[in-house]
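**Q** sharing a sequence plus its predicted fold:
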Amino acid sequence: MMTTTSQKIRSIPALIILMIMVFCCQTALAAGGEPWIETDQRVYQGEDIRVRFFNAPGYSNDWICIVPVGAPDTEAGDFQYIPAGARQGVLTFRSPRPGRYEVRAYYNYRSGGYLVSARNRFKVEYPGQHPSPDRGYHEPGPPPPGHRGHCIDRCRDDFEATLTGCREHSKPGYQRRCERKAKEEERRCVDWCNYR
């Protein structure tokens with residue numbers, strides 16, 4: 001009888017260790033990679049906006065929103081919850097009025113609050129407005145004749161809004177890469193304004 005009791009006592013710590021290992025593995029699998037979201041296009045002209053999300057933890061309170069560029073992280077904008085358990089997928093939003101926008105993912109909102117897990121920018125233009133042939137950059141729309149300075153001001157405003165978003169990230173090296181990319185985009189935008 002003592003042998004059976006001591007075997008039961010030994011199996012309890014083993015069971016606890018097994019439960020801890022299962023929990024840790026599930027957490028590691030949920031973390032599976034860095035959160036990422038993207039739109040199916042960089043520029044829209046009234047079409048629905050399809051937002052692909054990846055590496056979501058799958059909580060019922062994960063959500064994605066669309067807000068104007070420069071809006072505070074506490075701005076909910078047009079939002080949708082990600083279906084519980086979904087780690088990747090697509091959400092479809094109606095196109096907002098023309099302007100520059102950012103799609104943001106808020107994963108594990110209950111404990112993280114308004115902490116943006118991932119973000120991506122896009123633009124909505126008036127129908128018939130054509131994107132620039134320059135790779136990766138889309139023109140801000142033709143400035144009215146004689147208003148080159150207004151066009152350049154818009155480029156600089158977008159640059160400042162982008163820098164604000166860059167500075168909100170605390171990951172090492174991300175801020176520098178983000179700021180460098182923002183400066184390149186501002187330069188291309190100003191060049192486009194000067195070319196017109």
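**A** That came through, no problem.

**Q** which residue is the nearest non-sequential neighbour of residue 73?
**A** Nearest in space to residue 73, with sequence neighbours left out and distances taken as CB to CB, 6 or more residues apart in numbering, is residue 114 at 4.9 Å. Glycine gets a C-beta too; all of them are placed from N, C-alpha and C.

**Q** ramachandran coordinates for that neighbour?
**A** For residue 114, the backbone dihedrals (degrees, to the nearest 10) come out as phi -80, psi 50.

**Q** hmm, residue 92 is touching residue 52, no?
**A** No - the criterion here is CB atoms under 8 Å, and residue 92 misses it with residue 52 at 10.5 Å.

**Q** so between these two, which is more surrounded?
**A** Under the neighbour definition other CB atoms under 10 Å, residue 92 and residue 52 were set side by side, and residue 52 has more, 15 against 10.

**Q** beta partners for that one?
**A** residue 38, residue 90 (DSSP bridges).

**Q** and the pLDDT for it?
**A** With respect to pLDDT, residue 52 scores 95.

**Q** so it touches residue 40, yeah?
**A** Yes - using CB under 8 Å, residue 52 is in contact with residue 40, at 6.9 Å.

**Q** how does the protein divide into domains?
**A** Using automatic domain parsing, the domain parsing of the chain gives 35-129, 130-196.

**Q** looking at the ones you listed, which has the lowest confidence?
**A** domain 130-196 (a mean of 62).

**Q** related to what we said a few turns ago, where's the residue nearest to residue 73 relative to residue 79, distance?
**A** Residue 114 sits 12 Å away from residue 79, taking CB to CB, to the nearest Å as the criterion.

**Q** give me the more crowded residue out of these two.
**A** residue 79 (15 against 12).

**Q** what sits against residue 66?
**A** Taking CB atoms under 8 Å, 6 or more residues apart in numbering as the contact definition, residue 66 lies against 49, 51, 77, 78, 79, 93, 96, 101, 102, 103, 104.

**Q** could you do residue 34 as well?
**A** Applying CB under 8 Å, 6+ apart, the residues contacting residue 34 are 55, 118.

**Q** again with residue 91
**A** Counting by CB under 8 Å, 6+ apart, residue 91 has contacts 50, 51, 53, 64, 80, 82.

**Q** quick one: contacts for the fourth one?
**A** By that I understand residue 64. Residue 64 neighbours (CB under 8 Å, 6+ apart): 37, 51, 53, 79, 80, 82, 91, 103, 104, 105, 106.
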